[in-house]
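[1] give me the fold of what follows.
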Amino acid sequence: MNLIIVESPTKAKTISNFLGKEYKVTSSYGHIRDLPKSKLGVDIENNFKPQYVIPLKARKRVNFLKKEAQKADKIILATDEDREGEAIAWHLTQALGLENSKPKTLNSKQIPNSKFQIPKVERIVFHEITKSAIENALKNPRGIDMNLVDAQQARRVLDRLVGYKLSPFLWEKIMKRLSAGRVQSVALRLIVEREEEIRNFKPEEYWTISAILRKLKISNSPFAKQIPRGRFSIPNEFESFLYKINDEPIPKLGIKTKEEANKIVEDLKKCDYKVLKIEKKELKRNPLPPFTTSTLQQEASKKLRYSAKQTMRLAQNLYENGLITYHRTDSLNLSQESLMAAKNWIEKNLGKKYAAQAPRLFKTRSRLAQEAHEAIRPTNPELIPEKIKVKFSPEKKLYELIWRRFIASQLPQAIFDATRVEIKAENSKFKTHYSLLTTGTILRFDGFLKIWPMQFEEKELPLLEENEELKLKEIKPEQHFTEPPPRYNEASLIKTLEKYGIGRPSTYAPIISVIQERNYVYKNEQRRFQPTEIGELVNKILVEHFPQIVDIQFTAQMEEKLDKIAQGKEKWQEVIKEFYQPFAENLEKKYQEVKRQKLTEEKIEEVCEKCGRPMVVKYSKFGKFLACSGFPECHYTKPITMTNDKGEKIKCPKCQKGEIIKRRSKNGRFFYGCSRYPDCDFTSWTKP
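    Next up, the predicted model:
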């Protein structure tokens, strides 16, 4: 009997469907060994050797796998093909007492009263769970790639050292139960710094000016008679925007005040208008590439409102049921078989005009992408979203997103007819002349848009001729103000992390989950991230005292070193040593230098209502509050009341007696309520 071990029971069930009776497929239910929770678990004095244990919840499973292994002639480790999967395979060999070699007999001291032979251990990998992929993998087994295992061990040890060494510092200097993570702290810094940008932002006024122009006569051009009267009726008037003064382009903030705008408007009202130049050209729009992990998470967030964590859970289910290829990837490669299958489906269902002349290949922008992997795609393009059998509709929606993106990537370009018209406005009495611009775009061939709809605006212009005179109908000045950068949502945060090289496909979702679970950030009503008060304090301390930990460039360089470990170009212990020694020295110094009171207490001009001592601002897990400086003799505390932009305390709009204070609900969301609760039950999700 040949025993195949995978991570998940769903994956085991799917693979079983493709194999004969000589194979038994079972699962490890994820990791079976890890660092201990109760201590550091890394022997710093012994070259950072990890001290692995079998968690209590995994012991029963390990015993079961040991018994199954004793019955097997061959053990095949078929965990996922990334670093995490490789590490699970290696941990299985360690926990089950297996060797990645030919069989040999154990003596009675090793296994008493047993003639058990260590079976031959093989490692197989595949990018999709299909019959052909499994059969091909079984024909091409390999050993465990220790470079990948070492890269996973390095990340695990590095994160453990930062978390278990830095978190106690935060406990002592701020409060208990806080924690600091290597990559998560950088994500927190991005969110906090964006919030600071928004607070410090000062809007600037600017104006734009447009004109509604009308043709003076209907064109007699023979071309006009050839225009089909289908979707569009040809307009007689159109809007054009001021973009040059005396042939000099106007910058975005070029017209700063209403007075400047009014002067230009008065000039334009007295000008004559004529068409100066007409340019017509064909525009082509290329389809987007198939999904990688990060782009799938971003698109699922924008289109389906799924969190990164939810997207990865659903994708895992789709992968394990054999519906999509492996979902943790940063590669845009596509197999020749998948390209041919896509072409066949397109020709059969959409017609030959939608079949590209040659398969479209995409180049991965990331120089660290694992090109042996493929992009995320359906395993069988014939299996359209309407045909798949899944338990939950969210899975079906995610599958449809993946299927459409892959098929669209192999469709032709969308083609538009674009027209650009420059109009001159002048008055012989004025020294100043103006140029206005208008553009028109019409879709001629939808191409990939047939499968992957995207927003675009079609705009039909009148049939214009150069030097044609136009009539002014209306001048429209419009006031604008510059806006601060938007807060991060899940999609934009993942995009930024990927841009800076922070984290990898498998880590984006955990990063976002952890900073929310730690109450360092929360999602507001617009589903965008805002830091909590405690999150801002933790970030401030890390930036001031441990700048390397939250340095974007340093974190990206560490990711590159982990990649080099995976490629066999670096030794993982040396990478850890290079980081740890200066980190440990700085940490020891900061324990002496940093005083708790300076970080967590802020004096105010208010006295305790019970004992008369001064009150101070303190921090809890849920933010700031007021407490008596006489603690522990006096335990009096009170919430901080909200103030408006002028620093005045906000009165309750319902009772007009209490003041508005910030509270936190059971599910972690912040809300605003009256300080007189329960006498007054006013609450609001938004700040009054």
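[2] first vs last residue of stretch 534-554, how far apart are they?
    This stretch, stretch 534-554, spans 24 Å end to end (CA to CA, to the nearest Å).
[3] got the buried residues for it?
    The neighbour-count check on stretch 534-554 (16 or more other CB atoms under 10 Å) flags 534-539, 541-543, 545-546, 549-552 as buried. (C-beta placed from N, C-alpha, C; glycine too.)
[4] hmm, who's touching it?
    Under the contact criterion CB atoms under 8 Å, 6 or more residues apart in numbering, stretch 534-554 has outside partners 162, 166, 170, 173-174, 178, 180, 182, 185-186, 188-192, 195, 500, 502, 515, 518-521, 531, 582-583, 586-587, 590, 593-594, 599-600, 619-623.
[5] and what of stretch 316-324?
    For stretch 316-324, contacts defined as CB under 8 Å, 6+ apart pick out 8, 10-11, 14, 128-130, 315, 325-327, 376-379, 383, 388, 390, 395, 398-399, 402.
[6] give the helix, strand or coil label for Ala327.
    No Ala there; residue 327 is His. Secondary structure assignment for His327 (DSSP: H, G, I helix; E, B strand; the rest coil): coil.
[7] cool, Ile88 as well?
    Classified using three-state DSSP, Ile88 is helix.
[8] distance between the ends of stretch 46-54?
    Termini of stretch 46-54 sit 21 Å apart (CA to CA).
[9] typo on my end, it should be stretch 172-191
    One end of stretch 172-191 sits 25 Å from the other (CA to CA).
[10] thought Leu285 was touching Ala414?
    Just so we're on the same page, residue 285 is Arg rather than Leu. Yes - between Arg285 and Ala414 a contact is recorded at 4.5 Å, counting by CB atoms under 8 Å.
[11] which neighbours do these two share?
    The contact sets of Arg285 and Ala414 overlap at Gly447, Leu449 (CB under 8 Å, 6+ apart).
[12] would you mark the buried spots in stretch 192-201?
    Buried residues in stretch 192-201 (16+ other CB under 10 Å): Val192, Arg194, Glu195.
[13] which ones among the residues you listed map onto helices?
    Mapping the buried residues of stretch 192-201 onto helices (DSSP state H) picks out Val192, Arg194, Glu195.
[14] which non-adjacent residue is nearest the last one?
    Yep, that's Glu195 we're talking about. Pro531 (5.5 Å; CB to CB, 6 or more residues apart in numbering).
[15] partner residues bridging that neighbour?
    According to DSSP bridges, the residues that bridge with Pro531 are Val521.
[16] hang on, isn't it packed against Arg189?
    No - Pro531 is beyond contact range of Arg189, at 9.6 Å (criterion: CB under 8 Å).
[17] hang on, the earlier thing: among the contacts of stretch 316-324, which are in helices?
    Per DSSP H, helices hold the following members of those: Thr10, Lys11, Thr14, Ala315, Glu395, Leu398, Tyr399, Ile402.
[18] top of those by neighbour count?
    Leu398 (29 neighbours; other CB atoms under 10 Å).
[19] OK, contacts around that residue?
    Leu398 neighbours (CB under 8 Å, 6+ apart): Ala300, Leu304, Tyr306, Thr311, Leu314, Ala315, Leu318.
[20] next one, pLDDT for the fourth one please.
    Looking at Thr311, its pLDDT is 97.
[21] center of the chain - which residue?
    Centroid-nearest residue in the chain, with CA atoms, centre = their mean: Ile494, separated by 2.4 Å.
[22] that residue: which element?
    For Ile494, the host element (DSSP states H and E) is helix 490-500.
[23] may I see the buried residues of that helix?
    Under the neighbour-count criterion of 16+ other CB under 10 Å, helix 490-500 has Glu490, Ala491, Ser492, Leu493, Ile494, Lys495, Thr496, Leu497, Glu498 buried.
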